[in-house]
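*Asks:* Kindly generate the corresponding structure for this input.
(one chain, ligands or ions: 2)
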Amino acid sequence: MLVSSRRAAVGSESRCGRRGPGPHYEPCIPQTNPPLAQLPANAVPPTGDTPSSNSPTPNGGLPTWKLALMVGIGIGGLIVLIGVCTFVIFYRRKRRRLELGSSPPQGPKGRALGLSQSTFTYEELKIATDGFSNLNLLGQGGFGYVHKGVLSSGKVIAIKQLKTGSNQGEREFQAEIEIINRIHHKHLVSLVGYCISGAHRILVYEFVPNNTVQFHLHGKDHPTLTWPTRMKIALGSAKGLAYLHEECNPKIIHRDIKAANILLESNFEAKVADFGLAKFASDTDTHISTRIVGTFGYLDPEYASSGNLTKKSDVFSFGVVLLELITGRRPLDRTRPFDEESMVDWVSKAFAHTSLRRWQF
Ligand SMILES: Nc1ncnc2c1ncn2[C@@H]1O[C@H](COP(=O)(O)OP(=O)(O)OP(=O)(O)O)[C@@H](O)[C@H]1O
Ligand SMILES: [Mg+2]
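*Replies:* Ligands and ions are numbered 1, 2, ... in the order given. I've put the predicted structure just below:
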């Protein structure tokens, strides 16, 4: 719009006049008619001009009324042009503010955060889970209940509902949407959409059918994981984590790597889940000081004591998952003697008393 009005302005300028080197606006003189000063004294004036009004004047040979008319048209045109430009500038600014989401658009499907995922109504999700029936309950974590559901399209989903009235939950909800919106990787769980409706805050994920690593390592009544399967899980989750640390820009620190947050496909491909505690780490920062969060047994002691977060904190937690896969032990086991309750302490002690210590890691 701005371009076209600028073009129009250029066009009229070339047709009706041009700016001289001085401050004055020089009206152009139609090329078809010779200047009046050059006409012979007995020449007939151009059609429409009366002899009295056409008498030569000091204004470059133009009659005063004509000059006044042209100046009037010029000023009028300029005012209209300024008006149009001002309108265009204000209109574009207002549209950009809307696009940046300073006032999120209210769609018929619920409130939207301006992100690429779908928004769902509470009704849609209620239907998908059969009224959030207990039969569809997959589990419960710090955030709230997780239900299995089927959308009208036939897509199977996992629906995580935030416990109402939790400020921390609200922060995690926003963080999870913002971070997971940017990441797409085979070894990371993807977000299908979300729902903000009244007090309800719900995240909708792709359904990962084969439970968690925690379930397969420590749960009852299922076959023990084979070594090749453990290796596959370790490799898959390492790839997901390496993507967050090395390939994302800005890099992402997960902050809650643990066996319960690694979901499994039917063929035991691993998918890292739960980005509610994740943080962006800018390239230039070597560490960020934060409130300490995470899960006991997996928490990096350096981060726990200093609050300085680096991607090494995730690597520590991932090391605990690897030890869990190798030993089959829980990271914290209160049934053990005090100095063996923590798996990391137990492994360190064992390490110090075996020939393993000769290995230089
Ligand atoms: N995308 C998913 N597909 C299938 N099951 C899922 C999915 N997300 C979560 N679950 C199930 O829901 C359970 C609860 O998940 P949730 O992340 O809320 O809790 P958690 O990981 O056990 O604890 P925390 O709150 O510390 O993360 C998981 O153990 C898992 O069995
Ligand atoms: Mg979890």
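*Asks:* Counting by contacts, list what the strand or helix carrying F316 packs against.
*Replies:* If you go by DSSP states H and E, F316 is part of helix 311-327. Applying 3 or more CB pairs under 8 Å, 6 or more residues apart in numbering; DSSP states H and E, we find helix 311-327 packed against helix 213-218, helix 227-242, strand 251-253, helix 301-306, helix 343-352. C-betas here are computed from N, CA, C, even on glycine.
*Asks:* where are the low-confidence patches of this protein?
*Replies:* Low-confidence segments of the chain (pLDDT under 70): 1-61, 85, 87-117, 165, 282-288, 290, 355-361.
*Asks:* Map the structural domains onto the sequence of it.
*Replies:* What automatic domain parsing lists as the domains of the chain is 91-207, 208-361.
*Asks:* closest one to L69 among the ones you listed?
*Replies:* L69 lies closest, by CB to CB, to one member of the domains of the chain: domain 91-207, at 32.8 Å.
*Asks:* Looking at the chain, which residue is nearest ligand 1?
*Replies:* G141 (1.9 Å; CB to the nearest ligand atom).
*Asks:* dump the residue contacts of that residue.
*Replies:* Neighbour list for G141: 160, 260, 274 [criterion: CB atoms under 8 Å, 6 or more residues apart in numbering].
*Asks:* quick one: which of the helices and strands packed on helix 311-327 is nearest R171?
*Replies:* Going by CB to CB, the one of those nearest R171 is strand 251-253, 15.8 Å.
*Asks:* Wait, a strand at I202?
*Replies:* Yes: read with DSSP: H, G, I helix; E, B strand; the rest coil, I202 is one of the residues of a strand.
*Asks:* so where does the residue lying closest to it once chain neighbours are set aside fall, helix or strand?
*Replies:* Of all residues not flanking I202 in the chain, C195 sits nearest, at 4.1 Å (CB to CB, 6 or more residues apart in numbering). In this assignment (DSSP H and E), C195 forms part of strand 191-197.
*Asks:* gap between the nearest residue to L191 once chain neighbours are set aside and ligand 2?
*Replies:* Of all residues not flanking L191 in the chain, I180 sits nearest, at 4.4 Å (CB to CB, 6+ apart). Applying CB to the ion, to the nearest Å, the value for I180 to ligand 2 is 13 Å.
*Asks:* Burial check on I180, number of neighbours?
*Replies:* When counting by other CB atoms under 10 Å, one arrives at 24 neighbours for I180.
*Asks:* show me the contacts for E247.
*Replies:* E247 makes no contacts at all, as judged by CB under 8 Å, 6+ apart.
*Asks:* now the nearest residue to F207 once chain neighbours are set aside, which residues is it bridged with?
*Replies:* Leaving out its chain neighbours, the residue that sits closest to F207 by CB to CB, 6+ apart is V156, at 4.2 Å. For V156, the beta-bridge partners are V150 (DSSP bridges).
*Asks:* I figured V156 was touching V150, is that so?
*Replies:* Yes: using CB atoms under 8 Å, V156 is in contact with V150, at 5.6 Å.
*Asks:* re the thing from before, just the ones of the contacts of G141 in strands?
*Replies:* Counted as lying in strands by DSSP state E, out of those, are K160.
*Asks:* and which of the contacts of G141 is nearest ligand 2?
*Replies:* D274 (3.9 Å; CB to the ion).
*Asks:* Could you measure from that closest one over to F296?
*Replies:* According to CB to CB, to the nearest Å, D274 and F296 sit 16 Å apart.
*Asks:* before we move on, what about A234?
*Replies:* To F296, A234 is 22 Å away according to CB to CB.
*Asks:* neighbour-wise, which of the two wins?
*Replies:* A234 (18 against 10).
*Asks:* Around ligand 1, pick out the residues from the protein.
*Replies:* Contacts of the chain with ligand 1, taken as CB under 6 Å from any ligand atom, map to 138-143, 146, 158, 160, 189, 205, 207-208, 211-212, 260-261, 263, 273-274.
*Asks:* Try it again at 8 Å.
*Replies:* The chain comes close to ligand 1 at residues 138-146, 148, 157-158, 160, 189, 205-209, 211-212, 214-215, 256, 258, 260-261, 263, 271, 273-274, 276, 295, as judged by CB under 8 Å from any ligand atom.
*Asks:* Buried by neighbour count, from the residues you listed: which ones?
*Replies:* The neighbour-count test (16 or more other CB atoms under 10 Å) marks 138, 143-146, 148, 157-158, 160, 189, 205, 207-208, 212, 214-215, 256, 258, 260-261, 263, 271, 273-274, 276, 295 as buried among the residues of the chain next to ligand 1.
*Asks:* List the ones among these that fall in helices.
*Replies:* Members of those lying in helices (criterion: DSSP state H): 214-215.
*Asks:* Of the buried ones among the residues of the chain next to ligand 1, which ones also sit close to ligand 2?
*Replies:* Near ligand 2, judged by CB under 5 Å from the ion, the entries from those are 261, 274.
*Asks:* Tabulate the CA atom coordinates of stretch 183-199 in PDB.
*Replies:* What follows is stretch 183-199, C-alpha atoms only, in PDB (Å, rounded to 0.1, in the frame of the first residue of the first chain):
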ATOM      1  CA  ILE A 183      12.100 -28.600  18.700                       C
ATOM      2  CA  HIS A 184      11.400 -31.400  16.300                       C
ATOM      3  CA  HIS A 185      13.500 -34.600  16.700                       C
ATOM      4  CA  LYS A 186      12.900 -38.300  16.500                       C
ATOM      5  CA  HIS A 187      14.100 -38.700  20.100                       C
ATOM      6  CA  LEU A 188      12.000 -35.900  21.600                       C
ATOM      7  CA  VAL A 189       8.300 -36.100  22.400                       C
ATOM      8  CA  SER A 190       6.300 -33.700  20.300                       C
ATOM      9  CA  LEU A 191       3.500 -31.400  21.300                       C
ATOM     10  CA  VAL A 192       0.300 -31.700  19.300                       C
ATOM     11  CA  GLY A 193      -1.400 -28.700  20.800                       C
ATOM     12  CA  TYR A 194      -2.800 -27.200  24.000                       C
ATOM     13  CA  CYS A 195      -5.900 -25.800  25.600                       C
ATOM     14  CA  ILE A 196      -6.400 -22.700  27.600                       C
ATOM     15  CA  SER A 197     -10.000 -22.500  28.700                       C
ATOM     16  CA  GLY A 198     -11.100 -20.700  31.900                       C
ATOM     17  CA  ALA A 199      -8.900 -22.200  34.700                       C
END
